[in-house]
Structures are given as C-alpha cells and as structure tokens.
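Participant: build me a model from this:
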Amino acid sequence: MNHKTYTEEHSGLHSTPLSRTETIAVIIGTNIGAGVLGMAYAARKTGYLPLAVCLVFTCIICVMAMLYVAEVCLRTKGNNQLSGLSRHYLGGLGGALIFFAVAANSYGALFAYMSGSGRILMDFFADYGMRREWAHLIFFIPSALVLFLGLKALGVGEKIISSSMILILMVLVAATLMNEHASVNYLWESNWQYMVPIFNLAVFVFGAQFIVPELVRGNMTTPKRIPRLIIGGMTATLLLIMIIPASVIMLVGTEHVGEVATLTWGKSLGNWAYYTANTFALLAMLTSYWGLGGSLFTNIFDFFRLGDESHKGKRLLVLAIVGIPPLVLLYSGFDGFVNALYFAGTVGGVMMGIVPILLLNAARRHGDREPEFVCGWYAHPVMQCIIVTIFAASAVYALASVFDLLPSGW
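Facilitator: Next up is the predicted model:
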C-alpha cells in the first residue's frame with residue numbers, strides 16, 4: 001500500500017480549538033445518553049456492587065482503546081476520522097467497514113434519541129395536545145443546528161448542557177439521600193453469577209472511541225494534554241454513571257427498580273422529580289445526539305472526500321444525510337429495519353473496540369510523523385490481546401442473545 005498517497009490528500013476537516021472544559025464536556029455528553037438511565041434496572045439481578053466493578057473495569061479498557069486512537073491520530077498528518085484512518089492504514093476495505101460501523105451505530109442511536117425525546121416532550125405538553133411530529137421536530141432543530149455550526153458549537157453546547165445535567169443530577173441525588181426510605185444497605189446486596197450481561201452492557205456504554213479524532217482535532221495546538229483530558233472526561237463519566245443507579249437502588253432496592261430511572265425517581269420523590277429527572281433524560285439524549293451525530297457528520301466528509309467542511313452547501317447536504325433518515329424511520333414505523341440497524345450497531349461497536357489496536361500497530365510501522373504522545377505499558381501485546389478478547393466475547397454474547405442461546409436469567 002502506498003501510504004504517502006493518502007496522507008497528501010486533505011480530509012477537508014479543519015482544526016477548531018476546544019478548551020479543556022469543552023473537550024471533557026464532549027466526552028461526558030456523548031457517553032451520558034438515555035441508556036444510562038436503564039443501568040439500575042440492568043442491575044436488578046446482580047445488585048449494585050457487581051455493576052460498579054463492571055463499570056470501573058470497562059471504563060479502564062475503553063480509556064486504553066481511546067488512547068490508542070489518540071496516538072494514531074497524532075502519528076497521521078491531517079485531520080482524519082476513524083474511517084479515514086482505517087482507509088489509510090488498513091486499506092479501502094478497512095475504511096469501508098469502519099465507516100459502516102460508525103454509520104450503523106450512529107443511526108441506530110440517533111433514532112433512539114429522536115424517539116425517546118419525542119415521547120418525553122409529548123408527555124410534558126400533554127395538556128396542550130402536542131402531536132408526535134411536532135415533538136420530534138422540537139428536539140431535531142437544536143440538534144441539527146449545532147451539527148451544522150461545527151465542532152466549536154458542539155463543544156460549547158456540550159459544556160452548557162453537561163453542566164446543567166450535573167446540577168440536575170446533584171439535586172436528585174440530594175433529594176434521594178434526604179428521603180426517609182433511602183437505605184445504603186440496598187447497595188451491598190450482590191448476586192455475582194449474573195455479571196456477564198451487566199459487563200456486556202457496560203462495554204457499549206463506554207464505547208467512545210469514535211469521538212477521539214474530534215477531540216484531537218480540537219486540541220491540535222495542545223496535543224500533550226489530550227491523554228489527560230480523555231482520562232479526566234472518562235473518569236467524570238464513570239462517576240456520573242455510577243451515581244445514577246446507586247441513587248435509584250438506595251431509594252427502592254433492586255426488587256422495585258423500574259426500567260427507567262426517571263420513572264422510579266418520579267414515583268418515589270414526587271411529581272417534581274418526575275419532571276426534573278425527565279429533563280435530565282432529555283438533555284442526555286441531546287448531548288449524545290450531538291456527539292454521535294457530529295462523529296457521523298465528519299466521517300461522511302472524510303470517507304467520501306467531500307472537500308472543505310466550511311462549504312455551507314456541503315454542510316447542508318451532509319446534515320440532511322445525518323438527520324433525515326431517523327426522522328423518516330420515526331414517521332414510517334419501519335421497526336424491523338430499525339432492529340436490524342441496532343444489531344448492526346452492536347457489531348459495529350465491537351469492531352470499534354478491536355480496530356484501534358490494528359490501527360495503532362499499523363501507525364507505529366507506517367506513521368507520517370512523530371507523535372507528541374505515545375501509549376505506554378497498556379499498549380503491550382498482552383494488554384491488546386485482553387482487549388480483543390473482551391470485545392470479541394461481547395460480540396459472542398450479542399449473537400447468543402439474538403438466537404436465544406443464553407442461560408436462564410440472562
């Protein structure tokens with residue numbers, strides 16, 4: 001493969017400086033999606049301690065994979081996304097597979113965020129008879145606007161909304177701790193044999209490797225701080241993800257946990273908590289939409305080599321490609337297709353866990369430049385084998401769940 005040929009071509013993406021706070025907010029906002037609100041329900045059989053252990057271990061593994069991608073980005077000239085990096089180092093087929101993985105994972109999640117946010121808004125404005133179409137559009141407009149404005153707007157938006165989410169969470173946690181029915185003893189109840197389903201879920205909650213190129217693109221003038229920001233952002237994400245199920249389980253115990261944390265909080269703390277917690281869920285879906293949608297947006301520019309990203313006509317075209325399909329699916333009710341998309345996204349998530357290792361090893365052999373940051377002991381072949389095994393096992397679990405081959409209780 002002629003590695004020089006592609007590196008001389010520009011992806012069309014520009015470096016846009018992000019502050020430390022904005023960079024960390026992008027990580028938090030992307031990871032804290034609506035799925036996090038189901039963590040307590042997922043732990044109803046295992047208890048909180050097994051969930052906490054899985055979350056910590058998985059976070060560490062995913063941080064390593066993110067740092068792999070960061071080093072690859074810094075070894076490569078230009079501002080490339082995962083699909084462009086894969087095409088450069090793994091060939092055309094590798095680039096196409098990763099683009100498919102990013103697209104499938106993103107479209108499935110964007111559909112979920114559009115659908116979930118629409119239901120919340122319809123419930124909020126039920127007295128006014130809000131129609132589903134309007135509810136989806138109310139969520140879509142600010143979502144699409146930030147994607148169109150670009151990386152800086154995304155960073156600022158993530159910072160503002162993520163800060164609001166943290167404040168809301170603090171209010172809910174404080175109310176939980178002061179509630180007379182809350183008990184720390186609920187957190188010690190454990191059932192370790194059901195850890196595998198929890199672990200598999202945690203693998204995908206922390207899978208944020210696809211946003212690393214955006215983080216690097218926003219910190220090209222200060223590359224040495226990128227590892228610290230990734231670790232800081234993922235640590236903050238871990239704490240927030242651990243706090244939500246802990247609060248819910250403390251309040252009602254594992255036996256009475258509902259599927260969605262916002263509903264459990266609402267039933268236990270009062271009507272105000274229902275609206276407050278669902279506002280948190282709405283903001284969580286918005287920030288995750290920005291992170292996933294922004295990654296898909298820039299991957300389309302990179303993969304199809306559309307040229308200068310500042311061209312407004314091209315940005316509108318790509319925005320339509322990113323935003324319209326989920327809306328069409330929502331209004332058409334193609335549930336079978338959506339389920340297939342979710343499964344493809346699961347497979348894509350596994351690929352994005354393994355591909356960073358392939359990229360790192362190839363970039364160390366054929367990189368274009370000396371990086372400002374190099375991964376240490378955690379890039380040892382033994383650690384790489386462990387990460388591959390974990391993500392491969394997650395893929396096996398996903399397949400087994402589709403064909404009903406799992407043990408009873410899983």
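Participant: low-confidence regions, the stretch 201-350 of the chain specifically.
Facilitator: 333-349 (pLDDT under 70).
Participant: so which residues of it form strands?
Facilitator: Read by DSSP state E, counting those that start in this stretch, the stretch 201-350 of the chain holds no strands at all.
Participant: which parts of it are helices?
Facilitator: 212-217, 226-252, 261-269, 271-303, 312-332, 335-366 (DSSP state H, counting those that start in this stretch).
Participant: include mean neighbour count and distance to Arg20 when you put the ones you listed into JSON lines, please.
Facilitator: Where C-beta positions appear, they are placed from N, C-alpha and C, glycine not excepted. Shown next, in JSON lines, are these (neighbours: other C-beta atoms under 10 Å; distance: least, C-beta to C-beta, whole Å):
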{"stretch": "helix 212-217", "mean neighbour count": "25", "distance to Arg20": "11"}
{"stretch": "helix 226-252", "mean neighbour count": "21", "distance to Arg20": "6"}
{"stretch": "helix 261-269", "mean neighbour count": "22", "distance to Arg20": "29"}
{"stretch": "helix 271-303", "mean neighbour count": "23", "distance to Arg20": "17"}
{"stretch": "helix 312-332", "mean neighbour count": "16", "distance to Arg20": "27"}
{"stretch": "helix 335-366", "mean neighbour count": "19", "distance to Arg20": "23"}
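Participant: Met122: which of those helices is closest?
Facilitator: helix 271-303 (11.4 Å; C-beta to C-beta).
Participant: how many neighbours does the residue nearest to Thr254 when sequence neighbours are not counted have?
Facilitator: Of all residues not flanking Thr254 in the chain, Arg44 sits nearest, at 4.9 Å (C-beta to C-beta, 6 or more residues apart in numbering). Counted by other C-beta atoms under 10 Å, the residues lying close to Arg44 total 19.
Participant: pretty sure Arg225 contacts Leu18?
Facilitator: No. Using C-beta atoms under 8 Å, Arg225 makes no contact with Leu18, being 10.8 Å away.
Participant: between the two, who's got more neighbours?
Facilitator: Set Arg225 next to Leu18 and count neighbours by other C-beta under 10 Å: Leu18 wins out with 26 against 14.
Participant: and the gap between that one and Ser106?
Facilitator: Relative to Ser106, Leu18 is positioned 21 Å away (C-beta to C-beta, to the nearest Å).
Participant: overlap in contacts, Arg225 and Leu18.
Facilitator: Both Arg225 and Leu18 are contacted by Asn219, under the criterion C-beta atoms under 8 Å, 6 or more residues apart in numbering.
Participant: for Pro50, what are its contacts?
Facilitator: With C-beta under 8 Å, 6+ apart, Pro50 has these contacts: Ala43, Ser190, Asn191, Trp192, Tyr194, Met195, Ile198.
Participant: if we go to 10 Å?
Facilitator: Ala43, Ser190, Asn191, Trp192, Gln193, Tyr194, Met195, Ile198, Phe199 (C-beta atoms under 10 Å, 6 or more residues apart in numbering).
Participant: just the buried ones among those, please.
Facilitator: Neighbour counting by 16 or more other C-beta atoms under 10 Å classes Ala43, Ser190, Tyr194, Met195, Ile198, Phe199 among the contacts of Pro50 as buried.
Participant: for the residues you listed, give me TSV that also has distance to Thr30.
Facilitator: Conversion of the buried ones among the contacts of Pro50 to TSV gives the following (distance: C-beta to C-beta, whole Å):
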residue	distance to Thr30
Ala43	22
Ser190	30
Tyr194	28
Met195	26
Ile198	21
Phe199	21
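Participant: from these, which land in helices?
Facilitator: Met195, Ile198, Phe199 (DSSP state H).
Participant: and the gap between the last one and Thr254?
Facilitator: As for Phe199, its distance to Thr254 is 17 Å (criterion: C-beta to C-beta).
Participant: check the second one too.
Facilitator: Per C-beta to C-beta, Ile198 is found 12 Å from Thr254.
Participant: which helix of the chain spans the most residues?
Facilitator: helix 82-124.
Participant: ok and the very next helix or strand once past that one relative to helix 82-124, angle-wise?
Facilitator: In the C-terminal direction, the helix or strand that comes right after helix 82-124 (DSSP states H and E) is helix 132-149. Calculated by axes from the mean of the first three to the mean of the last three C-alpha atoms, to 10 degrees, helix 132-149 forms an angle of 140 degrees with helix 82-124.
Participant: what's the helix or strand following helix 132-149 packed up against?
Facilitator: Downstream of helix 132-149, the first helix or strand assigned by DSSP H and E is helix 151-178. Secondary-structure packing of helix 151-178 (3 or more C-beta pairs under 10 Å, 6 or more residues apart in numbering; DSSP states H and E): helix 20-31, helix 132-149, helix 212-217, helix 226-252, helix 261-269, helix 271-303.
Participant: surely Gly129 is in contact with Ala135?
Facilitator: No. If you go by C-beta atoms under 10 Å, Gly129 and Ala135 don't touch, sitting 11.1 Å apart.
Participant: common neighbours of these two, please.
Facilitator: Common neighbours of Gly129 and Ala135, using C-beta under 10 Å, 6+ apart, are Met122.
Participant: who's more crowded, the two?
Facilitator: Neighbours per residue (other C-beta under 10 Å) separate Gly129 from Ala135, with Ala135 holding more: 21 against 8.
Participant: gap between that one and Cys385?
Facilitator: 47 Å.
Participant: again, but for Thr176
Facilitator: 41 Å.
Participant: quick one: which of those two has more around it?
Facilitator: A count of neighbours by other C-beta under 10 Å puts Thr176 above the other of Thr176 and Cys385, at 22 against 11.
Participant: pretty sure the more buried one contacts Thr276?
Facilitator: No. Using C-beta under 10 Å, Thr176 is not in contact with Thr276; the gap is 11.8 Å.
Participant: and the contacts of Pro50, which is closest to Leu167?
Facilitator: Ala43 (25.1 Å).
Participant: and that closest one, what does it touch?
Facilitator: Shown in contact with Ala43 (C-beta under 10 Å, 6+ apart): 49-52, 54-55, 190-191, 194-195, 197-198, 201, 245-246, 248-249, 254, 257.
Participant: how about a cut-off of 6 Å?
Facilitator: Ala43 is in contact with Leu51, Pro245, counting by C-beta atoms under 6 Å, 6 or more residues apart in numbering.
Participant: repeat that for Leu82.
Facilitator: Ile98, Phe210.
Participant: that one and Gly95: what is the separation?
Facilitator: In terms of C-beta to C-beta, Leu82 sits 9 Å off from Gly95.
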